[in-house]
Structure formats: structure tokens, C-alpha cells
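Q: Everything below, folded, please.
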Amino acid sequence: MSGSDSEGGVPLVEPKFNTAATVSVSKKRKREAEAEAEAKKKKKAKQRKKKKPKNILDEDLNEQLGVNVAFARMDAQLLADYINQRTAHYWKDMSSVELEDRFIPVRAIQDTSEWEWPRNLEHLAKFLKKSCGKLKPVSTSSKGSPHTLIVAGSGIRAANLARALKDGLPNEGVKAPKVGKLFAKHIKLKEAIEFCSREGMDFGVGTPQRISELLESSALKCSNLKHIVIDASYIDEKKRGILDMKDLHKAVLDLLLRGEFKSSEDSWDDQFRLILY
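A: Numbers count the residues shown, from 1 in each chain. Okay, the predicted model is just below:
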């Protein structure tokens with residue numbers, strides 16, 4: 001044995017692998033893979049956030065009429081899917097069980113797909129006459145309890161709907177219809193409560209938040225109520241409908257999920273029909 005060997009010099013055979021270098025490369029690749037996976041996850045989340053609900057198509061948005069014409073071809077099942085798909089779209093953080101509690105059942109919705117006229121102000125009275133039957137007036141002794149509630153996305157829109165009803169219903173054989181204004185435009189909540197407490201009405205037209213507040217106060221009652229009409233087809237200048245904006249969609253759902261519209265089994269009460277105009 002030479003002196004260099006005994007002193008622990010350079011080995012005769014070099015090792016085939018550098019263990020330290022291999023570990024370093026492995027860790028680097030792992031970090032790169034994790035970073036790539038995280039980037040893909042963020043990209044998918046961003047895409048989900050930006051994605052429009054699949055039912056909204058530009059060709060359905062008729063700006064001249066100011067309506068989403070897609071509602072004209074939807075039966076009860078498609079309408080339920082439309083509403084519930086948006087609920088799932090807006091509340092991605094909810095569990096499937098929580099979402100189920102906020103879904104509107106198909107049986108609650110009346111099929112109006114046979115209606116052929118545009119769903120605008122001009123034809124509202126005719127639509128209600130066909131969809132809701134005889135529309136008999138409510139007894140004068142029954143205060144604040146309409147047979148039909150019409151839910152709009154804004155006070156201005158509700159005012160236009162109320163005007164269209166007053167002008168159009170007499171032409172459909174409904175004489176002197178009593179239309180209650182249940183919205184916040186120039187009408188304070190206290191004044192609306194007083195109005196409902198002293199006046200009878202056949203139709204109540206308002207915004208979902210104000211209608212909920214009046215139900216909460218017990219000034220507005222459901223003893224005569226048969227129809228809840230959602231002004232769904234109407235779109236604003238930005239091509240948005242009442243179900244296409246998260247805050248309004250939530251307000252509509254909060255209204256429809258109130259206890260007044262549920263049966264003893266805590267499900268939708270079949271005495272109420274939900275109609276999307």
C-alpha cells in the first residue's frame with residue numbers, strides 16, 4: 001500500500017452518482033412541479049370566476065324590445081334549471097347540501113312557454129289574464145293581501161309595471177284593478193306599511209327587498225295570494241336581468257324562501273304558483 005492510499009487520498013474508482021447533487025435536483029423538480037400545479041389551480045379558479053352562466057347568450061338579448069327572449073322557450077324544468085344554475089354560480093362557496101336548500105323546485109313554477117307575444121310592458125296585462133285566470137278582485141275588507149305579487153328589479157321598473165297594469169287590465173276585462181306600489185321609490189317603509197294596513201289590493205308590485213320587509217312587518221299578507229310573478233325577461237341598458245345580478249338574485253331567493261311560502265313540511269307550498277314573465 002502506498003503512502004497516499006494510507007493517508008486517504010483520491011480513490012481508485014470514482015462513484016457513479018453524486019448523491020448530494022441528485023437530492024438537490026430532485027427537490028428542485030418537486031418545487032417546480034408544485035409551483036406549476038398551483039399556477040394551474042389558480043388559472044382554473046380565475047376562469048371559473050370569469051365564466052358567464054351558460055344560459056346567457058348575446059343573441060337572446062333583444063335590446064330593441066328590452067327583453068331576454070330565452071324565457072319565451074323555457075318550460076318549467078328549464079326555468080328551474082335557469083334559476084338554480086345561477087344560484088350555484090353565485091354561491092360557489094356553499095356545499096351541495098346548502099345549495100339544495102336554496103334551489104327552487106320545478107313543481108313551484110308554472111309553464112308559460114306557450115305564450116307567443118313579447119314579454120314587455122305592452123303585453124303584461126294580457127299575459128297575466130292568460131296565465132292567472134279570471135283575476136277576481138280581492139274583498140274590500142281584506143287589507144294588504146293581494147292575489148298576485150309582481151317582483152321587479154328596481155323601483156323605476158316597478159313603477160312602470162304598475163302603470164302598465166292600471167292601463168292594460170281594463171282592456172282585458174279587469175275593471176278598476178287595485179294596484180299596490182310596494183317599492184322604495186319616493187315611498188318610505190313606514191308609509192308603505194300604513195298603506196298595506198288600511199288598503200285592499202288585487203296586485204302588489206314591488207322590489208324583492210321591500211316586499212320582504214312588508215311581509216316581515218305583517219302589513220303585507222299572503223291570505224289571498226296565489227301568484228308570484230318575477231319580471232325576469234326585462235333587461236337594463238347593460239343587458240342584465242333581475243336573475244343575472246348577484247345582489248338582486250339573492251334578494252329574489254330570500255323572498256321566495258321565506259316561511260310564508262313554505263308548507264308545514266318546510267318545502268314550497270303548492271298553493272302558490274311562481275310565474276316568470
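
Q: Tell me how many other residues crowd Glu237.
A: 7 (other C-beta atoms under 10 Å). Using the backbone N, CA and C atoms, a C-beta is placed for each residue, glycine as well.

Q: For it, which residues are in contact?
A: Listed by C-beta atoms under 8 Å, 6 or more residues apart in numbering, the contact set of Glu237 is empty.

Q: from the middle of its chain, how far away would stretch 225-234 be?
A: Put simply, stretch 225-234 sits 13 Å off its chain's centre (C-alpha atoms, centre = their mean, to the nearest Å).

Q: for the record, mean pLDDT for that stretch?
A: In this model, stretch 225-234 has an average pLDDT of 97.

Q: Just the buried residues of it, please?
A: For stretch 225-234, burial by neighbour count (16 or more other C-beta atoms under 10 Å) applies to 225, 227-234.

Q: Pick the one among these closest to Gly66.
A: Tyr234 (6.2 Å; C-beta to C-beta).

Q: Please tell me I have it right and the closest one contacts Val67.
A: Yes - when contacts are counted by C-beta atoms under 8 Å, Tyr234 is listed as touching Val67 (6.1 Å).

Q: Can you pull the residues that touch both of those two?
A: By C-beta under 8 Å, 6+ apart, the residues touching both Tyr234 and Val67 are 119-120.

Q: In the stretch 151-277 of the chain, mark out all the strands, start to finish.
A: 179-182, 203-206, 227-230, 273-276 (DSSP state E, counting those that start in this stretch).

Q: could the ones you listed be laid out in a markdown table, adding distance to Leu256?
A: Output for the strands of the stretch 151-277 of the chain, formatted as a markdown table (distance: least, C-beta to C-beta, whole Å):
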| stretch | distance to Leu256 |
| --- | --- |
| strand 179-182 | 15 |
| strand 203-206 | 14 |
| strand 227-230 | 7 |
| strand 273-276 | 7 |
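
Q: now, of those, which is deepest in the fold?
A: strand 203-206 (a mean of 28; mean count of other C-beta atoms under 10 Å).

Q: I'd like the distance between Arg119 and Ile150.
A: 13 Å (C-beta to C-beta, to the nearest Å).

Q: More neighbours: the two, which one.
A: Shown here are Arg119 and Ile150; by other C-beta under 10 Å, Ile150 has more neighbours (26 against 23).

Q: and the more buried one, helix, strand or coil?
A: Secondary structure, DSSP: H, G, I helix; E, B strand; the rest coil: Ile150 is strand.

Q: right, and it touches Val205 too?
A: Yes - using C-beta under 8 Å, Ile150 is in contact with Val205, at 4.6 Å.

Q: Identify the contacts common to the two.
A: 158, 161, 165.

Q: thought the second one was touching Ile150?
A: Yes - Leu161 lies in contact with Ile150 (C-beta under 8 Å); the separation is 5.8 Å.

Q: list residues touching both of these two?
A: Shared contacts of Leu161 and Ile150 (C-beta under 8 Å, 6+ apart): 205, 231.

Q: number of nearby residues for Leu78?
A: 17.

Q: I should have written Gly66 there, sorry.
A: Counted with other C-beta under 10 Å, Gly66 comes out at 17.
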